[in-house]
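Peer 1: Make a model of this:
(one chain, ligands or ions: 2)
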Amino acid sequence: MATHDIVESLSSSNQKLQLKDFVWSANEWPELKHDDFCDEEDIPVISLSSGEDAAKMVAASRKWGFFKLVDHGVPDEVIDDITVWLNRFYDLPMEQKLKGARTGSLPLGYSASNVDYGGNLPWAEILQLLQSPQQVVEFATRVYGDHSHHHFSDAMINYMNAMEELGVRVLAMLANGLGLDNNFFTRHFLSERESTMIRINRYPPCPLPNRCLGLGSHSDPHTLTILLQDEVGGLQVCDDRNRWFGIRPLPNSFVVNIGDTLEAWSNGRLKSVVHRAVVNEERHRLSVAYFMSPAANTTIESPPQLMDEDPNKPRKYKTFTWGDFRNQLLKQRRVVGKTALHRYTIDS
Ligand SMILES: O=C(O)CCC(=O)C(=O)O
Ligand SMILES: [Fe+2]
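Peer 2: Ligands and ions are numbered 1, 2, ... in the order given. I've put the predicted structure just below:
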């Protein structure tokens, strides 16, 4: 495939994109392939069933910012259903998917590739929805019509409910492992559930995987991310020596990672770590990221128990509200690497 060829899988009829539009700047080209894994360097696996200690979860979040969660209690059928319906959605003809495209009245929805990005276009189809049953039904009705949207809507709403329950458990364990009350974080979450967002990425097969990226290096600005990924592989994380490593897909697990807001809230005890998604030539890959967020007016300030010893600088971050941070992010078109939280860093 030549670089001026049209990329049909990511083009709508009024916007034809060519392969060259997706070639990234050379400093971003991935050296590791989607299935390059190394068992010496992979993130810890944490089981929820063994009553495994919260301390282990905190240790993983402190060192890696990431862990794999097994024995999580989310029923297989909830995961199977969402996987099937999302893949069927992405398999629809482009014109039908675009019925659910982002618009003024549906600011979240489907997008093939975001041309507003300018260069470094992600090799991905993306669907973003809030944790709002009404918005899910509105989106699905546009795409499937009044009579046929239920399969999609039900699968999505059940999945979001399961993620909320799991996320609350994880946040309670993290609080406990940090020596805080179990509800220190979670008490801010259930009053404004539509603060939380889901983002579904599907990366089509790519003829130039060593020059393109599904998603460039970034940290997640939210509190906690729970990621479901299929068996293909492509998630890579940057370690504390600035080296990339691949996360080997593990059946029946979720990948959990700490977002910027939780890093600030925990005074840097929990780390928000930069990651990216690489693509491959043969297979499409699905990943479903559930980004938990508290009510917009929640004050993000680390508690006295987590202050540092230095009396001149007990806290690493200024106090802010999640709503402020979110507004700042909306103004910024794109976050590259881990830059979003810097605006709140207290200089030494
Ligand atoms: O596709 C992946 O594995 C990563 C997705 C991700 O990092 C995101 O959506 O923020
Ligand atoms: Fe991410």
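
Peer 1: where does the chain come near ligand 1, residue by residue?
Peer 2: The chain comes close to ligand 1 at residues 199, 201, 215, 220, 227, 229, 234, 235, 275, 277, 287, 289, as judged by CB under 6 Å from any ligand atom. (C-beta placed from N, C-alpha, C; glycine too.)

Peer 1: quick one: residue 252 from ligand 1, how far?
Peer 2: Residue 252 sits 17 Å away from ligand 1, taking CB to the nearest ligand atom, to the nearest Å as the criterion.

Peer 1: name the helices or strands packed onto the host helix or strand of residue 155?
Peer 2: Assigned by DSSP states H and E, residue 155 falls within helix 150-177. Judged by 3 or more CB pairs under 8 Å, 6 or more residues apart in numbering; DSSP states H and E, helix 150-177 is in contact with helix 54-63, helix 76-91, helix 133-144, strand 197-203, strand 224-229, strand 285-292.

Peer 1: picking that back up, can you tell me which two in the residues of the chain next to ligand 1 are farthest apart?
Peer 2: Farthest-apart pair in the residues of the chain next to ligand 1 is 220 and 234; separation 16.3 Å (CB to CB).

Peer 1: tally of neighbours for residue 111?
Peer 2: 21 (other CB atoms under 10 Å).

Peer 1: one step back: report the buried residues of the helix holding residue 155.
Peer 2: In terms of neighbour count (16 or more other CB atoms under 10 Å), helix 150-177 has its buried residues at 152-160, 162-164, 166-177.

Peer 1: ok, back up a step: can you put the helices and strands packed on helix 150-177 in CSV and add mean pLDDT, mean neighbour count and distance to residue 330?
Peer 2: CSV is the format used below for those (pLDDT from 0 to 100; neighbours: other CB atoms under 10 Å; distance: least, CB to CB, whole Å):
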stretch, mean pLDDT, mean neighbour count, distance to residue 330
helix 54-63, 96, 19, 27
helix 76-91, 98, 16, 25
helix 133-144, 97, 19, 17
strand 197-203, 97, 22, 12
strand 224-229, 98, 23, 18
strand 285-292, 98, 23, 14
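
Peer 1: Now for residue 261: which residues touch it?
Peer 2: Neighbour list for residue 261: 221, 222, 223, 293, 294, 300, 322, 325 [criterion: CB atoms under 8 Å, 6 or more residues apart in numbering].

Peer 1: Including pLDDT, could the residues you listed go into a markdown table?
Peer 2: Formatted as a markdown table, the contacts of residue 261 follow (pLDDT from 0 to 100):
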| residue | pLDDT |
| --- | --- |
| 221 | 95 |
| 222 | 96 |
| 223 | 97 |
| 293 | 97 |
| 294 | 97 |
| 300 | 98 |
| 322 | 97 |
| 325 | 95 |
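
Peer 1: got a winner among those for most neighbours?
Peer 2: Busiest of the contacts of residue 261 [other CB under 10 Å] is residue 223, holding 30 neighbours.

Peer 1: so who does the closest residue to residue 127 other than its chain neighbours touch?
Peer 2: Counting by CB to CB, 6 or more residues apart in numbering, the nearest residue to residue 127 once its immediate chain neighbours are dropped is residue 200, at 4.5 Å. Neighbouring residues of residue 200 by CB under 8 Å, 6+ apart: 86, 126, 127, 128, 286, 287, 288, 289.

Peer 1: again, but for residue 61
Peer 2: Listed by CB under 8 Å, 6+ apart, the contact set of residue 61 reads 67, 174, 258, 270, 271.

Peer 1: what's the neighbour count on the last one?
Peer 2: A count of nearby residues for residue 271, using other CB under 10 Å, gives 21.

Peer 1: is the residue nearest the centre of the chain in a bridge, and if so with what?
Peer 2: By CA atoms, centre = their mean, the chain has its centre lying nearest to residue 289, at 3.9 Å. Going by DSSP bridges, residue 289 is paired in beta bridges with residue 199, residue 227.
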